[in-house]
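> quick one, structure for this:
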Amino acid sequence: MFGALHALRARVQSQISLHLLVMMASSLTLGTRGSKLALWQAHYVQRALEAAGHTVAIKEISTKGDRILDTPLAEIGDKGLFTKELDVALLNGEIQVAVHSLKDLPTQLPPGIVLGAIGSRAHPGDAFVAHPSFKGGLADLPEGAVLATSSLRRKAQLLAWRPDLEIVSVRGNVPTRIAKLDASDWHGIVLAVAGLERLELTDRIRTIIPYDIVLPAVSQGALGIVCAEKDAETRATLRQTLHDDTTSAAVLAERALLRRLEGGCQVPIGARGRLEEGVLHLDACVAALDGSQLLRATDQAPPERAEALGTALAERLLDRGADAILQGIRAADQ
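Next comes the predicted model:
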């Protein structure tokens, strides 16, 4: 008798739990850019949310950065270049969630939009992708070798390492840039390791560039998942389902550094945060566009002081001359 009562109670509790789960589950529309990499990121988030019981539809939204492909990013300006149209859709209620490469998100988000979750980080570094006809690695590049990149950060640090290199601009999504490389006379291009891994293109990596040559972009390799500030339910869902505390500590330090330096994703600032044995380490650099100056600094702090660490390291760089470098870059831009 007691066994039957126990079994009945278990079935009732199971049904109640299932009912509560159905009630708590939501139907979400997730906004994303339409590139292969952006869609990989969107589907990754979709799978995580669906595994938690939510219904998720994906909506592709074209951004200014996607439409203007014949102009270097630095000439367009980087404020909301890959995010503004998704921000508008969020605020209008067309979508409830937007997924970005966190490095594309401004350090100050528009009013009404919040970072609901920071997804786990892939490899944060950069890779040298060689032309098929060039058989060497990064260290084997000949005098005057030609490398392509859309990033001023990469250009500045590579020129600081090898002033003889010729750096040319290339735009487009990852497969497009690789196709342009293969049709060119360049020795290679530089791309994020994370993007190549996610698109299963690691066979094209000839060298993962050491951090003592090129520090990554702030937040490179991490996902930024945003929602409307007023949507408390979605914020809670994203936090519970997708947030990664270890990645968060590292990138919050990096973003605080970038915020204090008043830089954007098209300014030659590199940073790498990492948590080792409970201690948060942060390396950072500021470089002149031609590589003639390169300032580096490093510091560490408890992870709960991530943003204070980033701000303090930025102050140290400013004290050592980073302000003059950045002002020169901004003046040349005007």
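
> what stretches of the stretch 1-150 of the chain score poorly on pLDDT?
1-25, 64-82 (pLDDT under 70).

> which stretches of it form strands?
27-32, 55-60, 97-101, 113-118, 126-130, 146-148 (DSSP state E, counting those that start in this stretch).

> chain center to stretch 257-273, what's the gap?
How far stretch 257-273 lies from its chain's middle: 12 Å, per Cα atoms, centre = their mean, to the nearest Å.

> do stretch 51-65 as well
Using Cα atoms, centre = their mean, the offset of stretch 51-65 from its chain centre is 17 Å.

> quick check: H100 touching G224?
Yes: judged on Cβ atoms under 8 Å, H100 makes contact with G224 at a distance of 4.6 Å. All C-beta spots, glycine's among them, are computed from the backbone N, C-alpha and C.

> reformat the strands of the stretch 1-150 of the chain as a markdown table; add mean neighbour count.
Formatted as a markdown table, these follow (neighbours: other Cβ atoms under 10 Å):
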| stretch | mean neighbour count |
| --- | --- |
| strand 27-32 | 20 |
| strand 55-60 | 15 |
| strand 97-101 | 27 |
| strand 113-118 | 22 |
| strand 126-130 | 26 |
| strand 146-148 | 22 |
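
> tell me which of the ones you listed lies nearest to T107.
Closest of those to T107 is strand 113-118, at 10.3 Å (criterion: Cβ to Cβ).

> which secondary structure elements does that closest one contact?
Packed against strand 113-118 by the contact rule (3 or more Cβ pairs under 8 Å, 6 or more residues apart in numbering; DSSP states H and E) you find helix 84-91, strand 223-228, helix 232-242, helix 245-261.

> rerun at 6 Å
Judged by 3 or more Cβ pairs under 6 Å, 6 or more residues apart in numbering; DSSP states H and E, strand 113-118 is in contact with strand 223-228, helix 232-242.

> which one, of those, ends up nearest to L196?
Of all these, strand 223-228 sits nearest to L196, with 16.0 Å by Cβ to Cβ.

> between the closest one and strand 113-118, how big is the angle?
Orientation check (axes from the mean of the first three to the mean of the last three Cα atoms, to 10 degrees): strand 223-228 against strand 113-118 gives 140 degrees.

> quick one: average confidence on strand 223-228?
Per-region confidence: strand 223-228 scores 97 on mean pLDDT.

> list the strands paired with it, with their directions.
Pairing partners of strand 223-228, with direction, according to DSSP bridges: strand 97-101 (antiparallel), strand 113-118 (antiparallel).

> contact partners of that strand?
41, 90, 97-100, 102, 105, 113, 115-117, 119, 234-235, 238, 242 (Cβ atoms under 6 Å, 6 or more residues apart in numbering).

> state the number of residues packed around the spatially closest residue to A52 that is not a sequence neighbour.
Nearest residue to A52 in three dimensions, chain neighbours excluded: T241, at 4.9 Å (Cβ to Cβ, 6 or more residues apart in numbering). Neighbourhood size, T241 [other Cβ atoms under 10 Å]: 19.

> who's in contact with T241?
Here T241 is in contact with 48-49, 52 (Cβ under 6 Å, 6+ apart).

> which pLDDT does the model give it?
For T241, the pLDDT comes out at 97.

> any figure for the gap between it and V114?
For T241, the distance to V114 equals 16 Å [Cβ to Cβ, to the nearest Å].

> where does K230 fall, secondary structure wise?
Using DSSP states H and E, K230 sits within no helix or strand.

> how near is the nearest residue to it once chain neighbours are set aside to L86?
The shortest distance from K230 to any non-neighbouring residue, by Cβ to Cβ, 6+ apart, is to G112 (7.2 Å). Computed with Cβ to Cβ, the distance linking G112 and L86 is 13 Å.

> the two - which one has more neighbours?
Regarding G112 and L86, a neighbour count based on other Cβ under 10 Å identifies L86 as having more, with 25 against 12.

> ok, the more buried one - contacts?
31, 61, 98.

> surely the last one touches R33?
No: with contacts defined as Cβ atoms under 6 Å, A98 does not count as touching R33, sitting 9.4 Å away.

> related to what we said a few turns ago, need the strands of the stretch 1-150 of the chain in CSV with distance to A331, can you?
Formatted as CSV, the strands of the stretch 1-150 of the chain follow (distance: least, Cβ to Cβ, whole Å):
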stretch, distance to A331
strand 27-32, 36
strand 55-60, 38
strand 97-101, 29
strand 113-118, 31
strand 126-130, 28
strand 146-148, 26
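
> of all those, which lies closest to A301?
strand 113-118 (18.2 Å).

> also compute the angle for that closest one relative to helix 245-261, please.
Relative orientation of strand 113-118 and helix 245-261, computed by the same axes, to 10 degrees: 140 degrees.
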